[in-house]
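**Student:** Okay, sequence plus prediction incoming.
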Amino acid sequence: MKPEALAEHLNRVLEGLEIDHVVGTRVTHLTRLSGGANNETWRFTWHETPLILRRRPFNAESVEGLDGDILGLSLVDEAAIIQLAAQTAVPVPHIYTVLEASHPLGEAFIMAFIPGESIPQQWLNAAEFDAARNGLAYACGEALAQTHTVDCSQLPNTIKPSTLAHRFNGIQRRLQIFGDVSPAMQFGLNWLIDHAPNDAQCVLLHGDFRTGNLLVNEQGLAGILDWELAHQGPPAEDLGYLCAHVWRFGNIEKPVGGFGEYADLLAGYRSIAGWAPDLESLRYWEIFAALNWGLVCQTMGALWHSGSGDIERAAIARRRSEAELDLIYLIDTWETL
Amino acid sequence: MTELDESITATHVTSQELLQAVKGFLAETVTPALNDRDQFNARVAANVIGIVQREQALGPRLSALDHAAFSKWIPDGAPDDDVVPQISQALAKRRIKPDAAFLDYLKQRQLLLSAINNPRYANRVVAAEKWRYLTTDIDPVADTR
(Lines give C-alpha, C1' and ligand atoms only; values in the text may rest on other atoms or scores of the structure.)
Protein backbone atom coordinates (compact mmCIF):
# COMPACT_ATOMS: atom_id res chain seq x y z
CA MET A 1 0.00 0.00 0.00
CA LYS A 2 1.32 3.45 -0.93
CA PRO A 3 1.94 5.90 1.95
CA GLU A 4 -0.75 8.29 0.61
CA ALA A 5 -3.40 5.55 0.73
CA LEU A 6 -2.16 4.42 4.13
CA ALA A 7 -2.51 7.99 5.45
CA GLU A 8 -6.08 8.28 4.11
CA HIS A 9 -7.16 5.07 5.83
CA LEU A 10 -5.44 6.22 9.03
CA ASN A 11 -7.33 9.53 8.89
CA ARG A 12 -10.63 7.65 8.87
CA VAL A 13 -9.60 5.40 11.77
CA LEU A 14 -8.23 8.25 13.89
CA GLU A 15 -11.25 10.53 13.39
CA GLY A 16 -13.22 8.00 15.42
CA LEU A 17 -10.78 7.95 18.35
CA GLU A 18 -10.36 10.30 21.28
CA ILE A 19 -6.77 11.34 20.62
CA ASP A 20 -5.73 14.99 20.67
CA HIS A 21 -8.41 15.69 18.10
CA VAL A 22 -9.11 19.02 16.46
CA VAL A 23 -11.42 19.31 13.47
CA GLY A 24 -9.67 18.88 10.16
CA THR A 25 -6.66 17.04 11.61
CA ARG A 26 -4.78 14.96 9.06
CA VAL A 27 -1.99 12.42 9.44
CA THR A 28 1.42 13.98 8.82
CA HIS A 29 5.07 12.87 8.94
CA LEU A 30 4.21 9.28 7.98
CA THR A 31 7.53 7.38 7.93
CA ARG A 32 8.28 3.67 7.64
CA LEU A 33 10.50 2.61 10.53
CA SER A 34 11.48 -0.97 9.96
CA GLY A 35 10.93 -4.16 8.05
CA GLY A 36 10.81 -7.18 10.27
CA ALA A 37 9.91 -10.68 9.21
CA ASN A 38 6.15 -10.16 9.24
CA ASN A 39 5.13 -6.65 10.11
CA GLU A 40 5.58 -3.08 9.02
CA THR A 41 6.07 -0.35 11.61
CA TRP A 42 5.21 3.27 10.73
CA ARG A 43 5.57 6.46 12.72
CA PHE A 44 3.29 9.43 12.10
CA THR A 45 1.85 12.51 13.75
CA TRP A 46 -1.82 13.18 14.49
CA HIS A 47 -2.25 16.88 15.29
CA GLU A 48 0.64 17.13 17.77
CA THR A 49 0.68 13.54 18.98
CA PRO A 50 3.29 11.14 17.61
CA LEU A 51 1.85 7.64 17.11
CA ILE A 52 2.98 4.24 15.86
CA LEU A 53 1.16 1.96 13.44
CA ARG A 54 2.01 -1.71 13.28
CA ARG A 55 0.41 -3.54 10.37
CA ARG A 56 0.74 -6.84 8.59
CA PRO A 57 0.83 -6.45 4.83
CA PHE A 58 -1.64 -8.64 2.98
CA ASN A 59 1.16 -10.58 1.38
CA ALA A 60 2.66 -11.62 4.72
CA GLU A 61 4.33 -14.86 3.97
CA SER A 62 4.70 -18.18 5.63
CA VAL A 63 6.89 -21.20 5.18
CA GLU A 64 4.92 -24.32 4.52
CA GLY A 65 5.19 -26.91 7.24
CA LEU A 66 6.21 -24.44 9.94
CA ASP A 67 4.15 -23.57 12.92
CA GLY A 68 4.74 -21.84 16.17
CA ASP A 69 7.10 -19.37 17.56
CA ILE A 70 9.36 -18.24 14.73
CA LEU A 71 6.93 -16.43 12.46
CA GLY A 72 5.07 -14.95 15.36
CA LEU A 73 1.63 -14.11 16.65
CA SER A 74 -1.12 -12.31 14.79
CA LEU A 75 -1.12 -8.57 15.45
CA VAL A 76 -4.49 -8.87 17.21
CA ASP A 77 -2.93 -11.34 19.65
CA GLU A 78 0.23 -9.26 20.00
CA ALA A 79 -1.91 -6.24 20.92
CA ALA A 80 -3.77 -8.34 23.50
CA ILE A 81 -0.45 -9.38 25.07
CA ILE A 82 0.80 -5.78 25.22
CA GLN A 83 -2.44 -4.74 26.91
CA LEU A 84 -2.04 -7.52 29.49
CA ALA A 85 1.57 -6.53 30.09
CA ALA A 86 0.48 -2.90 30.55
CA GLN A 87 -1.62 -3.99 33.52
CA THR A 88 1.61 -4.92 35.31
CA ALA A 89 4.34 -2.27 35.62
CA VAL A 90 6.08 -3.34 32.39
CA PRO A 91 6.89 -0.26 30.29
CA VAL A 92 4.85 -0.75 27.11
CA PRO A 93 3.06 1.77 24.89
CA HIS A 94 -0.66 2.43 25.29
CA ILE A 95 -2.66 0.81 22.49
CA TYR A 96 -5.41 3.07 21.11
CA THR A 97 -7.08 0.72 18.68
CA VAL A 98 -6.77 -2.73 17.10
CA LEU A 99 -7.90 -3.46 13.53
CA GLU A 100 -8.94 -6.89 12.32
CA ALA A 101 -7.69 -8.45 9.09
CA SER A 102 -10.91 -7.43 7.30
CA HIS A 103 -10.12 -3.71 7.75
CA PRO A 104 -8.84 -1.87 4.62
CA LEU A 105 -5.51 -1.38 6.43
CA GLY A 106 -5.31 -5.09 7.14
CA GLU A 107 -4.55 -6.46 10.56
CA ALA A 108 -2.99 -3.62 12.53
CA PHE A 109 -2.86 -1.64 15.76
CA ILE A 110 -2.13 1.97 16.64
CA MET A 111 -0.14 2.73 19.76
CA ALA A 112 1.54 5.59 21.57
CA PHE A 113 5.03 6.62 20.55
CA ILE A 114 7.49 6.34 23.45
CA PRO A 115 10.54 8.60 23.00
CA GLY A 116 13.82 6.74 23.30
CA GLU A 117 16.56 5.04 21.36
CA SER A 118 15.86 1.60 19.93
CA ILE A 119 19.02 1.09 17.88
CA PRO A 120 21.51 -0.66 20.19
CA GLN A 121 24.57 0.78 18.46
CA GLN A 122 23.31 4.27 19.43
CA TRP A 123 23.13 3.62 23.16
CA LEU A 124 25.38 0.61 23.94
CA ASN A 125 28.65 2.54 23.91
CA ALA A 126 27.71 6.25 24.01
CA ALA A 127 28.78 8.18 27.14
CA GLU A 128 25.43 9.96 27.56
CA PHE A 129 23.82 6.57 28.18
CA ASP A 130 26.30 5.56 30.93
CA ALA A 131 23.77 6.02 33.73
CA ALA A 132 21.03 4.26 31.72
CA ARG A 133 23.27 1.26 31.06
CA ASN A 134 24.31 0.98 34.71
CA GLY A 135 20.77 0.26 35.86
CA LEU A 136 19.54 -1.51 32.76
CA ALA A 137 20.25 -5.16 33.62
CA TYR A 138 18.42 -4.72 36.95
CA ALA A 139 15.50 -2.98 35.17
CA CYS A 140 15.33 -5.80 32.61
CA GLY A 141 15.15 -8.31 35.48
CA GLU A 142 12.27 -6.34 37.00
CA ALA A 143 10.42 -6.07 33.67
CA LEU A 144 10.76 -9.77 32.97
CA ALA A 145 9.55 -10.70 36.46
CA GLN A 146 6.55 -8.42 35.94
CA THR A 147 5.82 -9.94 32.53
CA HIS A 148 5.93 -13.37 34.12
CA THR A 149 3.19 -12.39 36.58
CA VAL A 150 0.58 -12.04 33.80
CA ASP A 151 -2.30 -14.41 34.46
CA CYS A 152 -2.02 -17.08 31.75
CA SER A 153 -5.75 -17.75 31.88
CA GLN A 154 -6.22 -14.29 30.30
CA LEU A 155 -4.04 -15.05 27.26
CA PRO A 156 -5.46 -15.41 23.74
CA ASN A 157 -6.14 -19.10 23.16
CA THR A 158 -3.44 -19.26 20.47
CA ILE A 159 -0.85 -19.02 23.27
CA LYS A 160 -1.04 -22.39 24.92
CA PRO A 161 1.30 -24.01 27.41
CA SER A 162 3.83 -26.29 25.76
CA THR A 163 6.25 -28.93 26.91
CA LEU A 164 9.93 -28.93 26.04
CA ALA A 165 9.49 -32.34 24.40
CA HIS A 166 6.89 -30.86 22.04
CA ARG A 167 9.22 -27.98 21.17
CA PHE A 168 12.16 -30.31 20.57
CA ASN A 169 10.00 -32.31 18.15
CA GLY A 170 9.14 -29.12 16.30
CA ILE A 171 12.80 -28.12 16.06
CA GLN A 172 13.80 -31.58 14.83
CA ARG A 173 11.13 -31.37 12.14
CA ARG A 174 12.40 -27.94 11.06
CA LEU A 175 15.99 -29.16 10.81
CA GLN A 176 14.77 -31.94 8.52
CA ILE A 177 12.59 -29.63 6.39
CA PHE A 178 15.60 -27.35 6.02
CA GLY A 179 17.67 -30.21 4.59
CA ASP A 180 19.72 -31.34 7.61
CA VAL A 181 22.42 -28.89 6.49
CA SER A 182 23.81 -28.18 9.94
CA PRO A 183 25.58 -30.87 11.97
CA ALA A 184 26.28 -28.21 14.60
CA MET A 185 22.58 -27.47 15.09
CA GLN A 186 21.73 -31.17 15.26
CA PHE A 187 24.53 -31.65 17.80
CA GLY A 188 23.12 -28.67 19.74
CA LEU A 189 19.58 -30.07 19.68
CA ASN A 190 20.79 -33.48 20.88
CA TRP A 191 22.67 -31.79 23.72
CA LEU A 192 19.69 -29.65 24.71
CA ILE A 193 17.46 -32.76 24.78
CA ASP A 194 20.00 -34.65 26.91
CA HIS A 195 20.37 -31.78 29.38
CA ALA A 196 16.77 -30.57 29.45
CA PRO A 197 15.46 -29.30 32.79
CA ASN A 198 12.32 -30.82 34.15
CA ASP A 199 9.37 -28.92 32.78
CA ALA A 200 8.90 -26.22 35.36
CA GLN A 201 6.15 -23.68 35.76
CA CYS A 202 4.82 -22.16 32.54
CA VAL A 203 4.57 -18.38 32.48
CA LEU A 204 3.98 -15.76 29.79
CA LEU A 205 7.34 -15.05 28.17
CA HIS A 206 8.12 -12.03 26.02
CA GLY A 207 9.93 -14.52 23.80
CA ASP A 208 12.16 -12.01 22.00
CA PHE A 209 13.56 -10.02 24.93
CA ARG A 210 16.88 -8.87 23.49
CA THR A 211 18.93 -5.71 23.32
CA GLY A 212 17.43 -4.73 19.95
CA ASN A 213 13.91 -4.76 21.37
CA LEU A 214 14.64 -2.40 24.28
CA LEU A 215 13.75 1.27 24.06
CA VAL A 216 16.30 3.18 26.13
CA ASN A 217 16.53 6.83 27.17
CA GLU A 218 19.18 8.57 29.28
CA GLN A 219 17.36 7.55 32.47
CA GLY A 220 17.13 3.86 31.58
CA LEU A 221 14.55 1.42 30.26
CA ALA A 222 11.75 3.37 28.55
CA GLY A 223 9.90 0.61 26.75
CA ILE A 224 9.84 -2.99 25.61
CA LEU A 225 9.01 -3.57 21.95
CA ASP A 226 7.99 -6.36 19.60
CA TRP A 227 5.89 -8.87 21.51
CA GLU A 228 5.09 -10.98 18.46
CA LEU A 229 7.09 -13.99 19.70
CA ALA A 230 5.36 -14.13 23.11
CA HIS A 231 4.65 -17.68 24.26
CA GLN A 232 4.46 -19.75 27.42
CA GLY A 233 7.54 -21.36 28.91
CA PRO A 234 9.82 -21.47 31.94
CA PRO A 235 10.92 -18.10 33.39
CA ALA A 236 14.64 -18.77 32.89
CA GLU A 237 14.10 -18.89 29.13
CA ASP A 238 13.49 -15.12 28.80
CA LEU A 239 16.52 -14.32 30.98
CA GLY A 240 18.86 -16.66 29.13
CA TYR A 241 17.67 -15.35 25.77
CA LEU A 242 18.70 -11.80 26.73
CA CYS A 243 22.19 -13.13 27.50
CA ALA A 244 22.71 -14.98 24.20
CA HIS A 245 26.06 -14.18 22.58
CA VAL A 246 24.45 -13.12 19.34
CA TRP A 247 22.58 -10.25 21.06
CA ARG A 248 25.68 -8.79 22.75
CA PHE A 249 26.66 -6.65 19.77
CA GLY A 250 30.32 -7.46 20.14
CA ASN A 251 30.47 -6.65 23.89
CA ILE A 252 30.79 -10.31 24.77
CA GLU A 253 32.36 -9.56 28.14
CA LYS A 254 29.00 -8.07 29.20
CA PRO A 255 26.79 -11.16 29.40
CA VAL A 256 23.44 -9.39 29.75
CA GLY A 257 22.70 -8.08 26.28
CA GLY A 258 26.17 -6.58 25.84
CA PHE A 259 25.56 -4.03 28.62
CA GLY A 260 25.15 -5.74 32.02
CA GLU A 261 26.06 -8.45 34.51
CA TYR A 262 24.19 -11.64 35.40
CA ALA A 263 24.02 -10.69 39.11
CA ASP A 264 22.19 -7.42 38.38
CA LEU A 265 19.67 -9.10 36.06
CA LEU A 266 18.93 -11.78 38.65
CA ALA A 267 18.74 -9.22 41.50
CA GLY A 268 16.19 -7.18 39.54
CA TYR A 269 14.17 -10.30 38.86
CA ARG A 270 14.32 -11.36 42.52
CA SER A 271 13.19 -7.90 43.70
CA ILE A 272 9.81 -8.45 42.02
CA ALA A 273 9.36 -12.23 41.96
CA GLY A 274 10.87 -13.06 45.35
CA TRP A 275 13.07 -15.69 43.69
CA ALA A 276 15.28 -15.97 40.61
CA PRO A 277 16.46 -18.78 38.35
CA ASP A 278 19.99 -20.04 38.98
CA LEU A 279 22.86 -19.18 36.68
CA GLU A 280 23.15 -22.68 35.26
CA SER A 281 19.58 -22.62 34.01
CA LEU A 282 20.22 -19.24 32.37
CA ARG A 283 23.21 -20.72 30.57
CA TYR A 284 21.10 -23.64 29.36
CA TRP A 285 18.68 -21.17 27.79
CA GLU A 286 21.56 -19.23 26.24
CA ILE A 287 22.41 -22.41 24.37
CA PHE A 288 18.75 -22.86 23.45
CA ALA A 289 18.70 -19.25 22.18
CA ALA A 290 21.72 -19.94 19.98
CA LEU A 291 19.89 -22.85 18.36
CA ASN A 292 16.80 -20.70 17.97
CA TRP A 293 18.79 -17.94 16.22
CA GLY A 294 20.14 -20.56 13.83
CA LEU A 295 16.55 -21.58 13.03
CA VAL A 296 15.56 -17.96 12.45
CA CYS A 297 18.47 -17.60 10.00
CA GLN A 298 17.37 -20.76 8.21
CA THR A 299 13.81 -19.45 8.04
CA MET A 300 15.08 -16.22 6.48
CA GLY A 301 16.87 -18.28 3.85
CA ALA A 302 13.72 -20.31 3.17
CA LEU A 303 11.62 -17.16 2.82
CA TRP A 304 14.17 -15.67 0.44
CA HIS A 305 14.19 -18.82 -1.66
CA SER A 306 10.39 -18.60 -1.85
CA GLY A 307 10.85 -15.26 -3.62
CA SER A 308 10.17 -13.02 -0.68
CA GLY A 309 12.45 -10.35 0.70
CA ASP A 310 15.51 -8.43 -0.30
CA ILE A 311 19.22 -9.09 -0.10
CA GLU A 312 19.30 -8.52 3.66
CA ARG A 313 17.25 -11.67 4.15
CA ALA A 314 19.61 -13.71 1.97
CA ALA A 315 22.56 -12.36 3.97
CA ILE A 316 20.91 -13.19 7.32
CA ALA A 317 20.66 -16.81 6.19
CA ARG A 318 24.47 -16.90 6.30
CA ARG A 319 24.52 -15.64 9.89
CA ARG A 320 23.52 -19.17 10.83
CA SER A 321 27.23 -19.83 11.28
CA GLU A 322 27.28 -17.41 14.26
CA ALA A 323 24.60 -19.48 15.96
CA GLU A 324 26.44 -22.71 15.16
CA LEU A 325 29.74 -21.40 16.49
CA ASP A 326 28.02 -20.24 19.70
CA LEU A 327 26.38 -23.64 20.14
CA ILE A 328 29.68 -25.50 19.90
CA TYR A 329 31.55 -22.93 21.98
CA LEU A 330 28.95 -22.80 24.77
CA ILE A 331 28.53 -26.58 24.97
CA ASP A 332 32.32 -27.04 24.97
CA THR A 333 32.58 -24.49 27.79
CA TRP A 334 29.74 -26.09 29.76
CA GLU A 335 31.33 -29.53 29.52
CA THR A 336 34.72 -28.33 30.77
CA LEU A 337 33.45 -26.21 33.68
CA MET B 1 56.85 2.09 -28.28
CA THR B 2 57.35 2.03 -24.53
CA GLU B 3 57.50 -1.23 -22.72
CA LEU B 4 54.40 -2.18 -20.71
CA ASP B 5 55.05 -3.14 -17.14
CA GLU B 6 53.94 -6.50 -15.85
CA SER B 7 50.71 -5.33 -14.24
CA ILE B 8 49.46 -3.85 -17.49
CA THR B 9 50.25 -6.96 -19.51
CA ALA B 10 48.24 -9.14 -17.10
CA THR B 11 45.14 -9.18 -19.29
CA HIS B 12 43.12 -11.86 -17.57
CA VAL B 13 40.82 -10.67 -14.78
CA THR B 14 40.14 -13.40 -12.26
CA SER B 15 36.76 -14.03 -10.68
CA GLN B 16 38.21 -12.81 -7.38
CA GLU B 17 39.22 -9.56 -9.06
CA LEU B 18 35.80 -9.17 -10.66
CA LEU B 19 34.16 -9.56 -7.28
CA GLN B 20 36.56 -7.03 -5.81
CA ALA B 21 35.64 -4.62 -8.60
CA VAL B 22 31.90 -5.03 -7.97
CA LYS B 23 32.43 -4.60 -4.25
CA GLY B 24 34.38 -1.39 -4.83
CA PHE B 25 31.71 -0.08 -7.21
CA LEU B 26 28.97 -0.75 -4.65
CA ALA B 27 30.86 0.85 -1.79
CA GLU B 28 32.32 3.88 -3.57
CA THR B 29 29.84 4.74 -6.33
CA VAL B 30 26.44 3.21 -5.68
CA THR B 31 26.00 3.54 -1.94
CA PRO B 32 26.49 7.32 -1.62
CA ALA B 33 23.80 7.94 -4.26
CA LEU B 34 21.03 5.98 -2.53
CA ASN B 35 18.37 6.65 0.12
CA ASP B 36 18.83 5.27 3.65
CA ARG B 37 17.15 1.90 3.15
CA ASP B 38 18.90 1.24 -0.15
CA GLN B 39 22.22 2.41 1.29
CA PHE B 40 21.80 -0.21 3.98
CA ASN B 41 21.07 -2.88 1.39
CA ALA B 42 24.02 -1.78 -0.75
CA ARG B 43 26.32 -2.20 2.25
CA VAL B 44 24.80 -5.64 2.79
CA ALA B 45 25.46 -6.39 -0.90
CA ALA B 46 29.12 -5.41 -0.56
CA ASN B 47 29.39 -7.66 2.50
CA VAL B 48 27.78 -10.51 0.56
CA ILE B 49 30.49 -10.24 -2.06
CA GLY B 50 33.04 -10.55 0.74
CA ILE B 51 31.34 -13.82 1.75
CA VAL B 52 31.63 -15.15 -1.81
CA GLN B 53 35.31 -14.14 -1.98
CA ARG B 54 36.10 -15.89 1.28
CA GLU B 55 34.08 -18.96 0.30
CA GLN B 56 36.09 -19.22 -2.92
CA ALA B 57 39.25 -19.21 -0.85
CA LEU B 58 38.19 -21.46 2.05
CA GLY B 59 35.41 -23.60 0.55
CA PRO B 60 37.73 -26.38 -0.66
CA ARG B 61 39.16 -26.78 2.85
CA LEU B 62 35.67 -27.00 4.31
CA SER B 63 34.70 -29.64 1.77
CA ALA B 64 37.86 -31.67 2.48
CA LEU B 65 37.18 -31.47 6.21
CA ASP B 66 33.58 -32.68 5.77
CA HIS B 67 34.63 -35.58 3.54
CA ALA B 68 37.31 -36.67 6.00
CA ALA B 69 34.75 -36.60 8.83
CA PHE B 70 32.29 -38.53 6.69
CA SER B 71 34.84 -41.29 6.01
CA LYS B 72 35.69 -41.51 9.69
CA TRP B 73 32.20 -41.51 11.23
CA ILE B 74 30.04 -42.91 8.44
CA PRO B 75 32.34 -45.49 6.84
CA ASP B 76 29.41 -47.28 5.16
CA GLY B 77 27.88 -44.07 3.74
CA ALA B 78 27.56 -42.87 0.15
CA PRO B 79 30.27 -40.26 -0.37
CA ASP B 80 28.94 -39.23 -3.79
CA ASP B 81 25.87 -37.72 -2.18
CA ASP B 82 26.01 -34.53 -0.15
CA VAL B 83 27.91 -35.68 2.91
CA VAL B 84 26.84 -32.98 5.38
CA PRO B 85 23.13 -33.97 5.60
CA GLN B 86 24.22 -37.57 6.11
CA ILE B 87 26.32 -36.51 9.10
CA SER B 88 23.38 -34.53 10.54
CA GLN B 89 21.02 -37.48 10.05
CA ALA B 90 23.43 -39.90 11.71
CA LEU B 91 23.62 -37.53 14.67
CA ALA B 92 19.82 -37.28 14.82
CA LYS B 93 19.64 -41.09 14.92
CA ARG B 94 22.34 -41.08 17.62
CA ARG B 95 24.60 -43.22 15.45
CA ILE B 96 27.60 -40.94 16.02
CA LYS B 97 29.05 -40.74 19.50
CA PRO B 98 29.79 -37.06 20.08
CA ASP B 99 33.20 -37.63 21.65
CA ALA B 100 36.12 -35.20 21.82
CA ALA B 101 37.31 -36.11 18.31
CA PHE B 102 33.89 -35.39 16.82
CA LEU B 103 33.66 -32.14 18.76
CA ASP B 104 37.05 -31.17 17.32
CA TYR B 105 35.65 -31.71 13.82
CA LEU B 106 32.67 -29.45 14.59
CA LYS B 107 34.99 -26.80 16.03
CA GLN B 108 37.17 -26.80 12.92
CA ARG B 109 34.09 -26.72 10.70
CA GLN B 110 32.60 -23.74 12.53
CA LEU B 111 35.87 -21.81 12.54
CA LEU B 112 36.02 -22.19 8.76
CA LEU B 113 32.35 -21.33 8.25
CA SER B 114 32.64 -18.28 10.50
CA ALA B 115 35.78 -17.17 8.69
CA ILE B 116 33.73 -17.30 5.48
CA ASN B 117 30.44 -15.83 6.65
CA ASN B 118 31.28 -13.35 9.38
CA PRO B 119 34.94 -13.08 10.38
CA ARG B 120 34.12 -10.02 12.50
CA TYR B 121 31.76 -11.93 14.79
CA ALA B 122 33.19 -11.30 18.26
CA ASN B 123 32.80 -14.83 19.54
CA ARG B 124 34.72 -16.19 16.54
CA VAL B 125 37.87 -14.50 17.77
CA VAL B 126 37.30 -15.81 21.31
CA ALA B 127 36.60 -19.35 20.08
CA ALA B 128 39.58 -19.33 17.72
CA GLU B 129 41.82 -18.39 20.63
CA LYS B 130 40.36 -21.11 22.88
CA TRP B 131 40.64 -23.72 20.12
CA ARG B 132 44.06 -22.63 18.97
CA TYR B 133 45.30 -26.21 19.40
CA LEU B 134 43.22 -27.03 16.31
CA THR B 135 43.73 -23.98 14.26
CA THR B 136 47.39 -23.20 13.85
CA ASP B 137 46.74 -22.51 10.19
CA ILE B 138 43.64 -20.34 10.62
CA ASP B 139 44.43 -16.79 11.62
CA PRO B 140 41.91 -15.83 14.35
CA VAL B 141 41.90 -12.26 13.09
CA ALA B 142 41.90 -13.22 9.42
CA ASP B 143 41.10 -10.89 6.59
CA THR B 144 37.96 -8.93 7.47
CA ARG B 145 37.69 -7.02 4.21
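**Tutor:** Structure received. Numbers count the residues shown, from 1 in each chain, chains lettered A, B, ... in the order given.

**Student:** From now on I want contacts and neighbour counts done on CA atoms only, so please keep to that.
**Tutor:** Fine.

**Student:** pretty sure residue B:120 belongs to a helix, no?
**Tutor:** No: looking at residue B:120 with DSSP: H, G, I helix; E, B strand; the rest coil, it is coil, so not inside a helix.

**Student:** Could you check the pLDDT of it?
**Tutor:** At residue B:120, the pLDDT value in this model is 90.

**Student:** quick one, phi/psi of it?
**Tutor:** phi -90, psi 0 (degrees, to the nearest 10).

**Student:** Show the contacting residues for the spatially most central residue of chain A.
**Tutor:** The centroid of chain A falls nearest to residue A:208 when counting by Cα atoms, centre = their mean (2.7 Å). Applying Cα atoms under 8 Å, 6 or more residues apart in numbering or on different chains to residue A:208 gives the contacts A:226-230, A:238, A:241.

**Student:** swap in residue A:175?
**Tutor:** With contact set as Cα under 8 Å, 6+ apart, residue A:175 has these partners: A:181-182, A:186, A:295.

**Student:** Pick out whichever of these sits closest to chain B.
**Tutor:** residue A:181 (5.2 Å; Cα to the nearest Cα).

**Student:** In which helix or strand does the nearest residue to that closest one once chain neighbours are set aside reside?
**Tutor:** Nearest non-adjacent residue to residue A:181, counting by Cα to Cα, 6 or more residues apart in numbering or on different chains: residue B:85, 5.2 Å away. If you go by DSSP states H and E, residue B:85 is part of helix B:83-92.

**Student:** What sits closest to residue B:54 if chain neighbours are left out?
**Tutor:** residue B:116 (5.0 Å).

**Student:** quick one: the one you found is in a helix?
**Tutor:** Yes: assigned with three-state DSSP, residue B:116 falls within a helix.

**Student:** and residue B:115, how many residues sit next to it?
**Tutor:** 26 (other Cα atoms under 10 Å in any protein chain shown).

**Student:** Please state the mean pLDDT value computed over the helix or strand where residue A:32 lies.
**Tutor:** Per DSSP H and E, residue A:32 falls inside strand A:27-34. Taken as a whole, strand A:27-34 has an average pLDDT of 86.

**Student:** in its sheet, what does the following helix or strand past it sit against?
**Tutor:** Later in the chain than strand A:27-34, the nearest helix or strand by DSSP H and E is strand A:40-46. Sheet pairing here is set by DSSP bridges, and for strand A:40-46 it gives strand A:27-34 (antiparallel), strand A:49-55 (antiparallel).

**Student:** Give me whichever of those strands is most buried.
**Tutor:** Neighbour counts (mean count of other Cα atoms under 10 Å in any protein chain shown) averaged over each of the strands paired with strand A:40-46 peak at strand A:49-55, with a mean of 20.

**Student:** roughly how far is that strand from the heart of the chain?
**Tutor:** 18 Å (Cα atoms, centre = their mean, to the nearest Å).

**Student:** Report all helices and strands that the very next helix or strand once past that strand contacts.
**Tutor:** Toward the C-terminus, strand A:49-55 is succeeded by helix A:75-86 as the next helix or strand (DSSP H and E). When contacts are defined as 3 or more Cα pairs under 8 Å, 6 or more residues apart in numbering or on different chains; DSSP states H and E, helix A:75-86 packs onto strand A:95-99, strand A:108-112.

**Student:** switch to 10 Å and redo it
**Tutor:** Under the contact criterion of 3 or more Cα pairs under 10 Å, 6 or more residues apart in numbering or on different chains; DSSP states H and E, helix A:75-86 touches strand A:49-55, strand A:95-99, strand A:108-112, helix A:130-147.

**Student:** In the last one, which residues are buried?
**Tutor:** Using 16 or more other Cα atoms under 10 Å in any protein chain shown as the burial criterion, the residues of helix A:130-147 that qualify are A:130, A:132-147.

**Student:** Equivalent analysis for stretch A:154-167, please.
**Tutor:** A:155, A:159, A:164.

**Student:** Please see if that stretch touches chain B.
**Tutor:** No: against chain B, stretch A:154-167 shows no contacts by Cα under 10 Å from any Cα of the partner chain, the least distance being 14.9 Å.

**Student:** ok, the residue nearest to the centre of chain A to residue A:243 distance?
**Tutor:** 11 Å (Cα to Cα, to the nearest Å).

**Student:** coming back round to it: my guess is the residue nearest to residue A:181 meets residue A:183, correct?
**Tutor:** Yes: taking contacts as Cα atoms under 10 Å, residue B:85 lies within contact range of residue A:183: 7.5 Å.

**Student:** Between these two, which contacts overlap?
**Tutor:** Residues within reach of residue B:85 and of residue A:183 at once, by Cα atoms under 10 Å, 6 or more residues apart in numbering or on different chains, are residue B:91.

**Student:** For those two, indicate the residue with more neighbours.
**Tutor:** More crowded of residue B:85 and residue A:183, by other Cα under 10 Å: residue A:183, with 22 against 16.
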